[in-house]
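Visitor: Let me see the structure of the following:
(chains A and B)
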Amino acid sequence: MGTLEIIFMDILYVSLLIHIVLMSVAFYRVWRGENVIDRLLGLDMLSTLTLAVLVLLSLINQRIIYLDIALGLAALGFVGMIALAKYVADEQMF
Amino acid sequence: MNLFLQVIAILAVVVGTLFSVVGVVGFIRLPDVYTRLHATGKVGVFGVVFLLVAAAFGEPLGWGRGLFLILLLVITGPATAHAIGSAANRIGLPRKGAERDDLVYTSKSKS
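Guide: So this is what the prediction gives:
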């Protein structure tokens, strides 16, 4: 294992720690938000940061299956955000 | 692994983490829902896309899924931001520091 790969692993673990701290901040904004759109924004950002954590886990463990889970999470998060925004705006789903 | 690809992966991870930190700090500090929407779009597009660039360069078999996920995020990120902004406009949330409201006839509160 070369010295550049050791530096890469250290950077990946520090980035994973930073992303978990950012996820706790986003979860606090979902819990104590100002209004409903603010909480919806926090939920969107929480989903995106979960995606980033999955990509970092895939880079750390060198396993390709975390990217598949990230793909499913991205598609489901997109559909869920569109449906929640339409429900908040129109007060009905369809 | 190739040295050049390794350096590109390290730089992409650092830049993506910096974009995520800047986006979350903007999400805390900015005063309004619409400006906060501008800040969270940076996390969704730039932060995760740079991490996926690192995954496409640094992982031996992950470039196909990485590129497909980049394409999906670039398409769905602006659509989500537009849906949330349109919902905030339609339920009539106020804008702080705005001198003039161009979308006054489409919001629910002032019409």
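Visitor: Find the nearest non-adjacent residue to the spatially most central residue of chain B, please.
Guide: In chain B, the centroid-proximal residue (C-alpha atoms, centre = their mean) is B:Gly41; its distance is 2.3 Å. The spatial neighbour of B:Gly41 that comes closest, neighbours along the chain excluded (C-beta to C-beta, 6 or more residues apart in numbering or on different chains), is B:Ala81 at 5.0 Å. Bear in mind the C-beta positions are built from the backbone N, C-alpha and C, glycine included.
Visitor: Now A:Asn35: closest residue in space that isn't a chain neighbour?
Guide: B:Leu93 (6.6 Å).
Visitor: host element of residue 38?
Guide: If you meant another chain, say so; for now it's chain A. Following DSSP states H and E, the helix or strand that holds A:Asp38 is helix A:36-61.
Visitor: wrong one, I was asking about chain B
Guide: Assigned by DSSP H and E, B:His38 falls in helix B:33-42.
Visitor: Can you give the contact residues for that helix?
Guide: Contacts with helix B:33-42, where a contact means C-beta atoms under 8 Å, 6 or more residues apart in numbering or on different chains, come from A:35, A:37-38, A:41, A:44-45, A:48, B:19, B:22-23, B:26-27, B:30, B:77-78, B:81, B:84-85, B:88, B:93, B:95.
Visitor: List buried members of these by neighbour count.
Guide: With neighbours counted by 16 or more other C-beta atoms under 10 Å in any protein chain shown, the contacts of helix B:33-42 contain buried members at A:37-38, A:41, A:44-45, A:48, B:19, B:23, B:26-27, B:30, B:77, B:81, B:84-85, B:88, B:93, B:95.
Visitor: Show the contacting residues for A:Ala89.
Guide: Contacts of A:Ala89 (C-beta under 8 Å, 6+ apart): B:86-87, B:90-91.
Visitor: Out of the residues you listed, which are close to chain A?
Guide: Among the contacts of A:Ala89, the residues within reach of chain A (C-beta under 8 Å from any C-beta of the partner chain) are B:86-87, B:90-91.
Visitor: about what we covered before: roughly how far out does the helix holding B:His38 sit from the chain middle?
Guide: 8 Å (C-alpha atoms, centre = their mean, to the nearest Å).
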